[in-house]
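Colleague: missing the sequence, but the structure's below:
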């Protein structure tokens, strides 16, 4: 339970990434994640953000154990929800991979493993402002001392032909704390 309400304005952004950025197509597929672009979207944006601060994976072990992963999405992985609903409605067998993917933090487990991150993992599906919700959550986790740094990923899948999947990732820490000493890709 978060003990301290900390305004998100106290956060310092160390690195930031979006998907898509200029020249981006679809994110690369992820082994074990099927039927949907949501998990590849989250992983690609998270990896891009982390690489801008740390270079390539993994992060230094001392940093990795103190990084929280936070995913916020209003819609969540609607393609997986629809695939499960369609199979159930038709009385068909549901692929076990769909159960694994139906949990939003499954992709955060992939990110944590690839990057050597061992801090708290949190997912939220806010009703109002997903940016504010996720950053407030990050500020609280950091203020409580559960992590020193938080990777916040805001991801929304496209719902129509006129929309595109989009994601925004921020690597943040409290402004009154020292930044990690490995800003390999800082400023890229």
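Modeller: It's in. Keep in mind it's a predicted model, so treat the numbers as computed, not measured. Numbering: from 1, shown residues only.
Colleague: need the next SSE after the biggest helix by length in the chain, C-terminal direction.
Modeller: If you go by DSSP state H, the chain has its longest helix at helix 38-54. Of the helices and strands lying after helix 38-54 in sequence (DSSP states H and E), the nearest is helix 61-64.
Colleague: could you point out which element follows that following helix?
Modeller: Next element after helix 61-64 (DSSP H and E): strand 67-72.
Colleague: helix, strand or coil: sort out the residue nearest to the spatial centre of the chain for me.
Modeller: Central residue of the chain (CA atoms, centre = their mean): residue 153, 3.4 Å from the mean position. Secondary structure state of residue 153, per DSSP: H, G, I helix; E, B strand; the rest coil, is strand.
Colleague: got phi/psi on residue 130?
Modeller: Per-residue torsions, residue 130: phi -60, psi -40 (degrees, to the nearest 10).
Colleague: how about it, nearest residue that isn't a chain neighbour?
Modeller: Closest residue to residue 130 apart from its sequence neighbours, by CB to CB, 6 or more residues apart in numbering: residue 72 at 4.5 Å. For glycine as for every other residue, the C-beta is placed from the backbone atoms N, C-alpha and C.
Colleague: and the one you found, how many neighbours?
Modeller: Burial of residue 72 is recorded as 26 neighbouring residues (other CB atoms under 10 Å).
Colleague: my guess is it contacts residue 128, does it?
Modeller: No - counting by CB atoms under 8 Å, residue 72 stays clear of residue 128, with 11.3 Å between them.
Colleague: quick one: the residue nearest to the centre of the chain and residue 161, what's the gap?
Modeller: Distance, residue 153 to residue 161, by CB to CB, to the nearest Å: 25 Å.
Colleague: same check, this time on residue 22
Modeller: Applying CB to CB to residue 22 and residue 161 gives a distance of 22 Å.
Colleague: residue 117 now?
Modeller: For residue 117 relative to residue 161 (CB to CB), the value is 36 Å.
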